[in-house]
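Novice: prediction below, plus the sequence it came from.
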Amino acid sequence: MRRASSKLISNLHHHPTKHLITTLPPLPNPTPIPSNPTNQSQFQTHLKPTKKIHFLHNLSRNFNTIVENSPVLPSRQRKIKEKLDLEEAFESAETVDDMLKAFKDMEASFEEKELGLASLKMGLKLDQEGEDPEKTLDFGLRALSVLDKDGKISLLLAMNLQLLGSVCYSLKRFNESLGYLNRANRILGQLENDDSLSIEDVMPIMHAVQLELFNVKTAVGRREEALAHLRKSLEIKEMTLDENSKELGNANRDVAEAYVAVLNFKEALPFCLKAVEIHKTDLGSNSVEVAHDRRLLGIIYTGLEEHEKALEQNQLSQRVLKSWGLSTDVLRAEIDAANMQIALGRYEEAINTLKSVVQLTDKESEDRAMIFIAMAKALCNQEKFIDAKRCLEISYKIYDKKEMKTPVAVAEAFMEIAMQYESMNEFENAISLLKRAFSMLEKIPQEQHSVGSVSARIGWLLLLTGKVEQAIPYLEDATERLKESFGSKHFGIGYVYNNLGAAYLELDRPQSAAQVFAYAKDIMEVSLGPHHADTIGAFQNLSKAYAAMGSYDLAINFQNKVIEAWEDHGPSAEDELEEAQRLVEELKNKAREEMAKSLLKAMPVGANDGSVLYEDSQIRVPVIETKARE
């Protein structure tokens, strides 16, 4: 996505800075220049460009009238003319350097309060070019000191806040960025219902603000919230663009890609399908845009485990990419195809595909490393572990040299290699690689969702290998990071809570286990449904935790819910139902045993003085002995 400022500056570029002149004090003569407050007010709240020539023509006509009707000091006229010339030079400047030079000349003749709009234009131009964010910030703050002085809201103020949000994002000052952007969003919400404004005025700025909010919230790991802003930006495009425009197709693909990034393939699918249809209508079935859409669609179908559909889309994409001679894209598509073939169990076919393309890569390229990872995956599935490890070693050596250059890509590769070692029960190698990925990603603010996932995986592997105390900090860290990124009800967090609860149980902390198992159960009921196998597993875990605490009534209650859920599955879950019924009987037996022990504790025991001392009391009761009749 291009910088949002590039979409705004076109609205402001030809907008004359006439309010600089109209804010000058009136000339001392009997017939002053008309201030025209109506036009000035309209200028402050509208973005629609005004032709500069009309303004200059009207202004010069007023000056002529002044000269004819009342005498004005020549020095005053010269000063006004000088200001007009400076303003004209600034308006006509095309490059950043020319604009900066013109602005510097203006500073000598204009007061600070008269430079608000020029400062905003200068800041937007710098932001568009991506040059010197600190200087951009200075111009943005100068504009804000003018535009926000009277406390009134306007589109110019919203645009100014959007600029500040954008540049603070560039400087990684994310909290400040959110503050500016949230305020811009509130102002636009108020202006949206203003009848004096047209949709053409408000929507470009609103779209830019939504895109910036998406970028910033993604950067701080609040990805679920970020997606809502990206969808809002798409809705704005749908209101303002032709329904079959290329830009609208790209916007739909952007949303699909964002959902794929958080592994939400179900939500991604309709947006990607819409992108395909729009691009087919606008550009034709053999366009590059459609080919890119189809490649993404193949990845989405893979995520949905619809591998035949995935392979079909991949092949359609490759056909077009080859016709356009896009060899790099074709190579990536071939690797995708091999992974799809592996998912379908067509291992030899996948290996042949990879062998055919590996010769096209450089020995130290990331594409070659990706091919060997895919090759290892196919060989693992064939249980050819020695060959698979050799492929993973080749891939690792390539990526190990690229850590500083592309840390995110390297970290993702290490995660993939770790999964292959894990499938071969090489857990120590897997944990070591995941820890390296963790250390790389932890330094990158926008990758905190990935850090959470890696932390969860490390914790699970440590738990699996009996290193329970080491596992708990990773699992606890994962829950916090993932909640920040995906919200507290994401199904992935439920799985982490289940593992964390198992770790607590291992360390004989049943109360802590029961607490996190309850969190897991609540999440999975919402995200997966009450009858999903993993939701039933959460109920089962709660039963175990309460049993460990000796709270057998609660344990039996949750175990009965497990039985009810498996009964709803019908004949397909007979084994699970039988096991659940066995466990509930076991719990009932333990409950009876505990009750019997409690009764024994309450039974009287003999005392030396002939009285009875009850275990749970300090009261002695005399015993009256009766002799049996002879």
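Specialist: Sure, I can see it.
Novice: how about stretch 316-323: buried residues?
Specialist: Of all the residues in stretch 316-323, those buried under the rule 16 or more other CB atoms under 10 Å are 316, 317, 318, 320, 321. In short, each C-beta sits where N, CA and C put it, glycine included.
Novice: what helix or strand is the fourth one on?
Specialist: Residue 320 is located in helix 307-323, with elements delineated by DSSP states H and E.
Novice: mind giving me the packing neighbours of that helix?
Specialist: helix 288-303, helix 327-343 (3 or more CB pairs under 8 Å, 6 or more residues apart in numbering; DSSP states H and E).
Novice: helices of the stretch 501-630 of the chain, start to end?
Specialist: Read by DSSP state H, counting those that start in this stretch, the stretch 501-630 of the chain holds these helices, from start to end of the chain: 510-527, 533-548, 552-568, 574-602.
Novice: with just CA atoms, put the third one into PDB.
Specialist: If I follow you right, that is helix 552-568. As requested, the backbone C-alpha atoms of helix 552-568 are provided in PDB (Å, rounded to 0.1, in the frame of the first residue of the first chain):
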ATOM      1  CA  TYR A 552     -15.400 -34.100  43.300                       C
ATOM      2  CA  ASP A 553     -18.800 -32.600  42.900                       C
ATOM      3  CA  LEU A 554     -17.500 -30.000  40.400                       C
ATOM      4  CA  ALA A 555     -15.300 -32.600  38.800                       C
ATOM      5  CA  ILE A 556     -18.300 -34.900  38.200                       C
ATOM      6  CA  ASN A 557     -20.400 -32.000  36.900                       C
ATOM      7  CA  PHE A 558     -17.900 -31.200  34.200                       C
ATOM      8  CA  GLN A 559     -17.300 -34.800  33.400                       C
ATOM      9  CA  ASN A 560     -21.100 -35.200  32.900                       C
ATOM     10  CA  LYS A 561     -20.900 -32.300  30.400                       C
ATOM     11  CA  VAL A 562     -18.200 -34.200  28.500                       C
ATOM     12  CA  ILE A 563     -20.500 -37.300  28.300                       C
ATOM     13  CA  GLU A 564     -23.400 -35.100  27.100                       C
ATOM     14  CA  ALA A 565     -21.200 -33.600  24.400                       C
ATOM     15  CA  TRP A 566     -19.900 -36.900  23.100                       C
ATOM     16  CA  GLU A 567     -23.400 -38.300  23.100                       C
ATOM     17  CA  ASP A 568     -24.400 -35.600  20.700                       C
END
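Novice: state the distance from residue 266 to residue 284.
Specialist: To residue 284, residue 266 is 29 Å away according to CB to CB, to the nearest Å.
Novice: any regions of the protein where pLDDT drops low?
Specialist: By pLDDT under 70, the low-scoring segments of the chain are 1-74, 602-630.
Novice: show me where it has its strands.
Specialist: In chain order, the chain shows strands spanning 604-606, 611-614, 620-622, with DSSP state E as the criterion.
Novice: just want the most central residue of this protein.
Specialist: Most central in the chain under CA atoms, centre = their mean is residue 223, positioned 2.3 Å from the mean C-alpha point.
Novice: residue 93 contacts residue 105, doesn't it?
Specialist: No. Counting by CB atoms under 8 Å, residue 93 does not reach residue 105; the two are 10.5 Å apart.
Novice: overlap of the contact sets of these two?
Specialist: In terms of CB atoms under 8 Å, 6 or more residues apart in numbering, residue 93 and residue 105 are not both contacted by any residue.
Novice: who has more neighbours out of the two?
Specialist: Comparing residue 93 with residue 105 by other CB atoms under 10 Å, the one with more neighbours is residue 93, at 18 against 15.
Novice: excluding its backbone neighbours, what's nearest that one?
Specialist: Of all residues beyond its chain neighbours, the one nearest residue 93 is residue 99 (4.3 Å), with distances taken as CB to CB, 6 or more residues apart in numbering.
Novice: just checking, that neighbour touches residue 89?
Specialist: No. Taking CB under 8 Å as the contact criterion, residue 99 and residue 89 are not neighbours in contact, 9.4 Å apart.
Novice: which one's more surrounded, those two?
Specialist: When residue 99 is set against residue 89 and neighbours are counted by other CB under 10 Å, the residue ahead is residue 99, at 20 against 16.
Novice: next up, the contacts around that one.
Specialist: Listed by CB under 8 Å, 6+ apart, the contact partners of residue 99 are 90, 93, 121, 122, 125.
Novice: most neighbours among these, please name it.
Specialist: Of all the contacts of residue 99, the most densely surrounded is residue 122 (26 neighbours; neighbours counted as other CB under 10 Å).
Novice: quickly note the distance from the nearest residue in space to that one that is not next to it in sequence to residue 160.
Specialist: Spatially, and ignoring its direct neighbours in sequence, residue 122 is nearest to residue 139 (4.6 Å; CB to CB, 6+ apart). Distance, residue 139 to residue 160, using CB to CB: 10 Å.
Novice: residue contacts, residue 402?
Specialist: 366, 409, 410.
Novice: top of those residues by neighbour count?
Specialist: When neighbours are taken as other CB under 10 Å, the top entry among those is residue 410 (24 neighbours).
Novice: that one contacts residue 401, doesn't it?
Specialist: No. At 9.2 Å, residue 410 and residue 401 do not qualify as touching, with contact defined as CB under 8 Å.
Novice: would you turn the contacts of residue 99 into JSON lines with distance to residue 500?
Specialist: Rendered in JSON lines, the data for those read as follows (distance: CB to CB, whole Å):
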{"residue": "90", "distance to residue 500": "61"}
{"residue": "93", "distance to residue 500": "60"}
{"residue": "121", "distance to residue 500": "54"}
{"residue": "122", "distance to residue 500": "53"}
{"residue": "125", "distance to residue 500": "51"}
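Novice: farthest pair in these?
Specialist: Taking CB to CB as the measure, the contacts of residue 99 span a maximum distance of 10.8 Å, between 90 and 125.
Novice: give the contact list for residue 484.
Specialist: So, once contact is read as CB under 8 Å, 6+ apart, residue 484 ends up touching 220, 221, 222, 448, 452.
Novice: now the last one: how far from residue 437?
Specialist: Summarising the geometry, the distance separating residue 452 from residue 437, computed by CB to CB, is 12 Å.
Novice: returning to that earlier point: show me the contacts of residue 402 that map onto helices.
Specialist: Among the contacts of residue 402, the members falling in helices are 366, 409, 410 (criterion: DSSP state H).
Novice: residue 270: which of these is nearest?
Specialist: Within the ones in helices among the contacts of residue 402, distances to residue 270 taken as CB to CB reach their minimum at residue 409, with 28.7 Å.
Novice: with residue 402 as the reference, measure out to the nearest residue in space to the closest one that is not next to it in sequence.
Specialist: Nearest residue to residue 409 in three dimensions, chain neighbours excluded: residue 366, at 6.4 Å (CB to CB, 6+ apart). Taking CB to CB as the criterion, residue 366 is separated from residue 402 by 7 Å.
Novice: shared neighbours of the two, anything?
Specialist: Common neighbours of residue 366 and residue 402 are listed as residue 409 (criterion: CB under 8 Å, 6+ apart).
Novice: what sits against residue 137?
Specialist: By CB under 8 Å, 6+ apart, the neighbours of residue 137 are 123, 164, 167, 168, 171.
Novice: how about 10 Å then?
Specialist: 123, 126, 127, 163, 164, 166, 167, 168, 170, 171, 173, 176 (CB atoms under 10 Å, 6 or more residues apart in numbering).
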